[in-house]
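Novice: Provided below are the primary sequence and the corresponding predicted coordinates.
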Amino acid sequence: MATKRSARFKECRRLGVNVYGHPNAMKRADSPAFRPKRKVSEYALQLTEKQKVKAYYGIFERQMVRYYKESLKSKEKTGDALLKKLECRLDNLVYRIGFANSIRLARQQVTHSHILVNGKKVNIPSYTVKEGDIISLKEKSRDIAAFKSNFLDWQGFAVPYIERDFDHFSGKLLRSPQREEIPIEVNDQLVVEFYSR
């Protein structure tokens, strides 16, 4: 299985936004090395927005294209449908709920079978979580100090479409997220324009 191993902080500075949520990611963002040296083209803007989405969700180009094609079939705006599909990936919701403090750790937790969906083991990070599904940390995994502290102390996201249950180490997807509720800084219209060229 392919894994992203690029330098995370450098990618954040290049994209101009803290896609990984780490407090030190943007420390050198004002450095002259990361300022544009010439006028940015329309294509470059579209490409940057697309790269932001891929970085936020930790996915590769092939997956991104597949999600885009699926979103074209939706009755709602393509950009909104795309982000909603990505937001409902299992690895992303594990991150949003707070079991992991990064999308990379969330993906690892899923692949290493620490996560249950409705009480059943699911080890596919791209698994689509449906409304009403309950995502929980496996009983044995609750004893792992890092996972436990992440969930109990993590203050990263408070989104209205997720309900967290601290007693049962679980989170529930209450409903499909609205575009304005998704906590990412990206112009999804430019992403759609990039793929519709």
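Specialist: That came through fine.
Novice: wait, is Lys172 part of a strand?
Specialist: Yes. Assigned with DSSP: H, G, I helix; E, B strand; the rest coil, Lys172 falls within a strand.
Novice: Now do it, the pLDDT please.
Specialist: Looking at Lys172, its pLDDT stands at 96.
Novice: can you pull up the bridge partners for it?
Specialist: Beta-bridge partners recorded for Lys172 (DSSP bridges): Ile134, Glu163.
Novice: and it, how many neighbours?
Specialist: 19 (other Cβ atoms under 10 Å). Using the backbone N, CA and C atoms, a C-beta is placed for each residue, glycine as well.
Novice: That one: what's it in contact with?
Specialist: Lys172 makes contacts with Gly132, Asp133, Ile134, Ile135, Ile162, Glu163, Asp165, as judged by Cβ atoms under 8 Å, 6 or more residues apart in numbering.
Novice: Top of the residues you listed by number of neighbours, please.
Specialist: Neighbour counts for the contacts of Lys172 (other Cβ under 10 Å) peak at Ile135, which has 25 neighbours.
Novice: Just the pLDDT at that residue, thanks.
Specialist: What the model reports as pLDDT for Ile135 is 97.
Novice: Leaving out chain neighbours, which residue sits closest to it?
Specialist: Spatial nearest neighbour of Ile135, excluding adjacent residues (Cβ to Cβ, 6 or more residues apart in numbering): Gly171 at 5.2 Å.
Novice: The one you found reaches Leu90, doesn't it?
Specialist: No. Contact criterion Cβ atoms under 8 Å: Gly171 and Leu90 do not qualify, at 11.3 Å.
Novice: Now for these two: what residues contact both?
Specialist: Counting by Cβ under 8 Å, 6+ apart, the residues touching both Gly171 and Leu90 are Ile135.
Novice: where exactly do the helices run in this structure?
Specialist: Assigned by DSSP state H, the chain shows helices spanning 8-15, 42-57, 61-72, 78-87, 90-97, 103-111, 145-153, 188-195.
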